[in-house]
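[1] Predicted structure and sequence below. I'll ask about it afterward.
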Amino acid sequence: MQVFMLGRMRHASLASKPCPIARTLDLVGEWWTLLIVRDALRGARRFEEFKQTGIADNILSTRLKRLTDAGILNRARYQTQPDRYEYRLTEKGRALGPVVLALRAWGKRFTKGADASHVVHRDCGGEVAVELHCEKCRCKLGRAEIAPAPQ
């Protein structure tokens, strides 16, 4: 098991766990990471745009490198002297969109505070929701209709 340091805390890698949630958290479970993805989904591309959340430069640099190494972001130089780069979501990164929306919905329901982040349908202006459905029959599902599959 790989162990790495984040500040003073030791974290074991979850990358080899037999659980896709654990493996996903290994890539995007650190503080700030999903906020960087959120901002990239909103169109942020440059270091200064990502800093708007209040993240420290060294942490932002580390998170951008990790997201790039994981194939969630692509890094491309847009200026020389000095070199400056922009970051764009890959298909893998854009696929995190529903995850970010689900976290937003949970936060709206179960946390207190202002909501400055609205996500709407371009055609009608309605709020976007993430819903569960069966991949086989495409039926919309409620909590009572889902269960873990037998191992």
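    Done, it's in.

[2] So what's the residue count around V100?
    21 (other Cβ atoms under 10 Å). Heads up, the C-betas are built off the backbone N, CA and C, glycines and all.

[3] now the strands: where do they sit in the chain?
    Along the chain, the segments classed as strands by DSSP state E run 3-6, 9-12, 73-79, 84-89.

[4] Could you spell out the sheet neighbours of the third one, each with its direction?
    Looking back up the chat, that one is strand 73-79. Strands adjacent to strand 73-79 in the sheet, as given by DSSP bridges, are strand 84-89 (antiparallel).

[5] pLDDT averaged over the partner strand - what is it?
    Average pLDDT, strand 84-89: 97.

[6] Now R88: closest residue in space, sequence neighbours ignored.
    Nearest in space to R88, with sequence neighbours left out and distances taken as Cβ to Cβ, 6 or more residues apart in numbering, is N74 at 5.1 Å.

[7] same question, A22
    Using Cβ to Cβ, 6+ apart and skipping residues adjacent in sequence, the residue nearest A22 is L14, 4.1 Å away.

[8] Could you pull up the residues touching the one you found?
    By Cβ atoms under 8 Å, 6 or more residues apart in numbering, the residues touching L14 are A22, R23, L25, D26, G29.

[9] Report the buried members of the residues you listed.
    By neighbour count, with 16 or more other Cβ atoms under 10 Å, the contacts of L14 hold D26 as buried.
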